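S.K.: Please work out how this folds:
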Amino acid sequence: MKYSHVIVIGVDGAGTFFRQAETPNLDRIFAHGAVSYDVLTSNPTISGQCWGSMLTGVTPEMHGLTNGVVSSKPYPTDSIFPSVFRVIREAMPDAELGSFCNWNPINFGIIENNLGVTEGTGNDAAVTEQVCAYVAEHDPVFVFVQFDEVDGAGHGHGYGTEGHLRQIGISDGLIEKMWEAYEARGWLDDTLFIVTADHGGFDHGHGGWTDGEKYIMFAATGRGVKEGTIGEMGVRDTAAIVLYALGLKQPASWTARVPSGLFEGVEAGERPVFEVPYAYEYRTRKPGVTPDGDDALSAVIGRDRVAAYLPFDGDALDENGKTKTATSGKIYYIDGYNGTGIRLDDGYVSLSWKPGKKSFSLALWMKSDGVTADPAILSDKVWSSGSNPGFVIALDSTSIHFNYGNGKDRMDSSFRLPLDFAGGWFHTALTVDREAGELRCAFDFGQPETAKIPEKFADADFGSGNEVRIAQDATGKYAPLSAVLDDFLLVDGVFTADDIAKMKEFYGA
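M.R.: Sure, this is the predicted structure:
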């Protein structure tokens, strides 16, 4: 079985609320189709993560996409997790492909920008008109459509409220127009027509894992689609379904699969497993096995160079006694990488240390369950604006981010985390080398990535006048750092290759 046309229409924030809304057109379109209200989306239930999974066939831990990432960075054209658009383009070089999204970061940051995809953006009604005009004049193999106004109604009125459901009803009418556009071309017998969502919502938001947020509807109709309820399925499986419908093989890196109950005679196989290359074997040493005396990390690096060393073994004191530290808020000492580590839930540690104009380096172990903002690891600035004075080293779901501002201008550099960092320990060694004019960041004792410090900041004072804090910005009120930290080492000067090698040997990594 092979279709000539596939269209996926995604309604942001609709979840499974379709069945509570008035949707006469969807009811008619899918009267003899396959429908499920038990499809699991990605965790966290945020648009960047969920649309990313739908179009790349993998979970957020693998594709690394967040709202911030897709809004600011083009999706890598050589990613080992290609979008469904790239797979189709490589298999069908002359295929007509289209993507029409109210939320344009999908076009910018999830679909590779070198594929010749016809793109459109605008409000939901404008996007619908663009799709209809496109279908009338072209012969697209695959079209992706994203509506955003249902999610806006959920945030504004509350998910599942009359205002939210009314907007789903409006989407129902727009979807009917696209159905009619395919019907006018005589394509319905050779089209797989899909309507789904990225996530639902709870109260006025989403991002959690309640039933209202994590379950979405998936509905499909077309030749060979089995009428009834689809079997176990996740949002990433949409990508596998598109390729199957076009007769194409999915990439070995995808963990998507075609579910049972969607196509006649097709049963879901075992879910594919992809072993991430260069995976690091994360582990936690037994609690209490803590270096001391001359075997301490600060001695290995050289105590004369160490500005602060916080092992976090039951306290937040500087092992060298050089730097005064103070804690504030909720702080917990739990199993760390080496003895105990620190978790700062709405808390932080302040340091009596200033970067000034000198070079400095930071090394630490970190274990994160994933983040949805850009919480600070180390900062002395107000992080509400990147141009505010001072520096911040922050964590997002895919990278370690360094930002400096002088009140007017700013610099930003990001260093992508290991693909398998989520949920496991990873080591970071970051250097701000003022003499060389560059930043260097090494993960798990590997070869450092580098980024240039712009010339305009060559002689800048990286301090802001505020105290430097671990796990918070200068306000003490920013998003908490959702991570456990261990063996926090701050060095005056730069890390050398020999330093990285010594740390690797010290940890037995």
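S.K.: Show me how this protein divides into domains.
M.R.: 5-245, 293-506 (automatic domain parsing).
S.K.: what about the first one, distance to the chain center?
M.R.: What separates the centre of domain 5-245 from the centre of its chain is 18 Å, taken as C-alpha atoms, centre = their mean, to the nearest Å.
S.K.: what is the mean pLDDT for that domain?
M.R.: Per-residue pLDDT values over domain 5-245 give a mean of 95.
S.K.: picking that back up, select, out of the domains of the chain, the one closest to Ala256.
M.R.: Of all the domains of the chain, it is domain 5-245 that lies closest to Ala256, at 3.7 Å by C-beta to C-beta. Quick note: C-beta positions are derived from backbone N, CA and C, even for glycine.
S.K.: Let's see the distance spanning the closest one from one end to the other.
M.R.: From its first residue to its last, domain 5-245 covers 8 Å (C-alpha to C-alpha, to the nearest Å).
S.K.: what about the helices in the chain?
M.R.: Listed in chain order, the helices of the chain (DSSP state H) span residues 24-29, 47-56, 60-63, 67-72, 84-91, 105-109, 124-137, 149-157, 162-184, 211-214, 237-245, 297-301, 497-506.
S.K.: between the longest one and helix 124-137, how many degrees?
M.R.: Interaxial angle of helix 162-184 relative to helix 124-137 (axes from the mean of the first three to the mean of the last three C-alpha atoms, to 10 degrees): 10 degrees.
S.K.: got the CA positions of helix 162-184 in PDB?
M.R.: Coordinates of each C-alpha in helix 162-184 appear next as PDB, following Å, rounded to 0.1, in the frame of the first residue of the first chain:
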ATOM      1  CA  GLU A 162     -16.200  27.000  26.700                       C
ATOM      2  CA  GLY A 163     -13.800  29.400  25.100                       C
ATOM      3  CA  HIS A 164     -11.200  26.700  24.500                       C
ATOM      4  CA  LEU A 165     -13.800  24.300  23.000                       C
ATOM      5  CA  ARG A 166     -15.200  27.000  20.800                       C
ATOM      6  CA  GLN A 167     -11.800  27.600  19.200                       C
ATOM      7  CA  ILE A 168     -11.600  23.800  18.500                       C
ATOM      8  CA  GLY A 169     -14.900  24.200  16.700                       C
ATOM      9  CA  ILE A 170     -13.400  27.000  14.600                       C
ATOM     10  CA  SER A 171     -10.500  24.700  13.700                       C
ATOM     11  CA  ASP A 172     -13.000  22.100  12.700                       C
ATOM     12  CA  GLY A 173     -14.300  24.400  10.000                       C
ATOM     13  CA  LEU A 174     -10.800  25.300   8.800                       C
ATOM     14  CA  ILE A 175      -9.900  21.600   8.500                       C
ATOM     15  CA  GLU A 176     -13.000  21.100   6.400                       C
ATOM     16  CA  LYS A 177     -11.700  23.700   3.900                       C
ATOM     17  CA  MET A 178      -8.500  21.700   3.500                       C
ATOM     18  CA  TRP A 179     -10.500  18.500   3.100                       C
ATOM     19  CA  GLU A 180     -12.500  20.100   0.400                       C
ATOM     20  CA  ALA A 181      -9.300  21.300  -1.400                       C
ATOM     21  CA  TYR A 182      -8.100  17.700  -1.600                       C
ATOM     22  CA  GLU A 183     -11.500  16.600  -2.700                       C
ATOM     23  CA  ALA A 184     -11.500  19.200  -5.500                       C
END
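S.K.: Name the residues of it that come out as buried.
M.R.: 164-165, 167-172, 174-176, 178-179, 181-182 (16 or more other C-beta atoms under 10 Å).
S.K.: what comes up buried for stretch 221-232?
M.R.: Applying a neighbour-count criterion of 16+ other C-beta under 10 Å, the buried positions in stretch 221-232 are 221-222, 225-226, 230.
S.K.: In strands, which of these appear?
M.R.: Residues from the buried residues of stretch 221-232 lying in strands, with DSSP state E as the criterion: Thr221.
S.K.: Can you say which two of the buried residues of stretch 221-232 are spatially most distant?
M.R.: Farthest-apart pair in these is Gly222 and Ile230; separation 13.5 Å (C-beta to C-beta).
S.K.: mind showing which ranges of the stretch 351-500 of the chain have poor pLDDT?
M.R.: Residue ranges of the stretch 351-500 of the chain with pLDDT under 70: 369-373, 420, 422-423.
S.K.: before we move on, back to that, need the buried residues of stretch 221-232 in TSV with distance to Ile400, can you?
M.R.: Shown next, in TSV, are the buried residues of stretch 221-232 (distance: C-beta to C-beta, whole Å):
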residue	distance to Ile400
Thr221	45
Gly222	45
Val225	45
Lys226	47
Ile230	40
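S.K.: that older thread, can you list the domains of the chain in a markdown table and add distance to Phe274?
M.R.: Converted to a markdown table, the domains of the chain look like this (distance: least, C-beta to C-beta, whole Å):
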| stretch | distance to Phe274 |
| --- | --- |
| domain 5-245 | 7 |
| domain 293-506 | 10 |
